[in-house]
Structures are given as structure tokens and as C-alpha cells.
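Enquirer: sequence first, predicted model second:
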Amino acid sequence: MARVVAGMTVSLDGFVQDENGSTDALYPDLAELQDSAYVKALQEQTGAVLMGRRTFDMAGDTDGYADSYELQVPIFVVTHTPPPVAPKRNERLFVTFVTDGIESAVAQAAEAAGERAVSVVGGVDVNRQLLAAGLVDELHVDVMPVLLGAGLRLFDGTPPLVLEKLGVDEAGARTSLRFRVVR
């Protein structure tokens, strides 16, 4: 069964957005990461992607997922309302809008992922829902060397968890922390 890998990139003080809603300070290295060993490892482990609707819509042209998204696997978007027109798909990537809750989204993504991981890509609310429901197997948090001071925190309101360290990696300026959720 697929494992669910949640997490996001955060500032050293735990924010995923600054007080103006910007994530720019957390991704100055985005272009250089595209062909890195870091992204290649993510591509190898990921069998399906789970994200929230706001994260999905951040792409602007959602047809671009089929053309150039780095994770060419099925995408499951948790939403209350799917868009009227389905985005473009290809032989590896299609988008499923899940309207019946986080548990259903995880079950569908896990089935699509097979033995590979379900990677949660963006979405503070989705990460929090998964943690609250006990559906996260691993937590991967990338820390960027910046203090935002205010904004949106990733872990506010999440339940207490015990974590076991799996590893620490460096990719450019970011430090990637990997943990297993102890049940």
C-alpha cells in the first residue's frame, strides 16, 4: 500500500507564506531545483499527488500540468466544487477532483500510486486535515534560511505527534527534514 508523504517548504520560523500571502522568499531556487537530484528522487518515489484546490489553481493555466508539471502522475485535488471543464491530460497525468472528503482522496490516490508514495504537494489545509485524521505516514519539511516573522504557519492547530527522524538532506539553500509518523 502507498504511504502518504505530507509536508511543505517553510521558513525557519515555520511560515509557508508571509503576511501578504507571498511564498516568493521560500522558492528563490525553484528554477535550479527542476533538474536536481532532489526533484529526481521525488519523481522516483511519487505514484500520485494529492493537493488542495487553491494549490491546484495557483498554476494559472491548469492545462499546463499535463505539459510541464515535474510530477507526471495522477493528481487528486480535494475541493468542494470541481471546475466546469476538466484540465488537459496525457497518458501518465490526469486530474481527479475529489468532493467527498480527505479520506476518499487518500484512498483514491493510494490506489493510483500502487507501491509508490502519495505526495502531498502544497496546501496548508490539506496537510492539517491529513495530520488531524491520522493519514500521514511521513512528514517531509523543507526549511529555507529566512525568517518571515508573520504569515501563515504550517502546523498551527495540528494534533501532537511523535516523529522518528528518517533523514536530513540539503538541496541548494534548503534543508530537507524527513520524519516517520509514529503511531
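Expert: Looks like it came in fine.

Enquirer: residue closest to the middle of this protein?
Expert: Val121 (1.7 Å; CA atoms, centre = their mean).

Enquirer: can I get whatever helix or strand Val126 lives in in CSV, CA atoms only?
Expert: In the assignment (DSSP states H and E), Val126 maps to helix 124-132. Presented in CSV, the C-alpha positions along helix 124-132 are these (Å, rounded to 0.1, in the frame of the first residue of the first chain):
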residue,chain,number,x,y,z
VAL,A,124,-1.8,24.0,4.4
ASP,A,125,-5.4,23.0,4.9
VAL,A,126,-4.9,19.6,3.2
ASN,A,127,-1.8,19.0,5.3
ARG,A,128,-3.6,19.9,8.5
GLN,A,129,-6.6,17.7,7.6
LEU,A,130,-4.4,14.7,6.9
LEU,A,131,-2.5,15.1,10.1
ALA,A,132,-5.7,15.5,12.1
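
Enquirer: the strands in the protein, which residues?
Expert: 4-6, 9-11, 15-17, 46-52, 75-78, 95-98, 117-120, 138-144, 152-153, 162-171, 174-182 (DSSP state E).

Enquirer: what's in contact with stretch 130-145?
Expert: By CB atoms under 8 Å, 6 or more residues apart in numbering, the surrounding residues in contact with stretch 130-145 are 3-12, 25-26, 102-103, 106, 117, 120, 154, 158-159, 161, 163, 166, 171, 173-181, 183. C-beta coordinates here come from the backbone N, C-alpha and C atoms, glycine included.

Enquirer: if I pick Lys88, what's in contact with it?
Expert: 62-63, 65-67.
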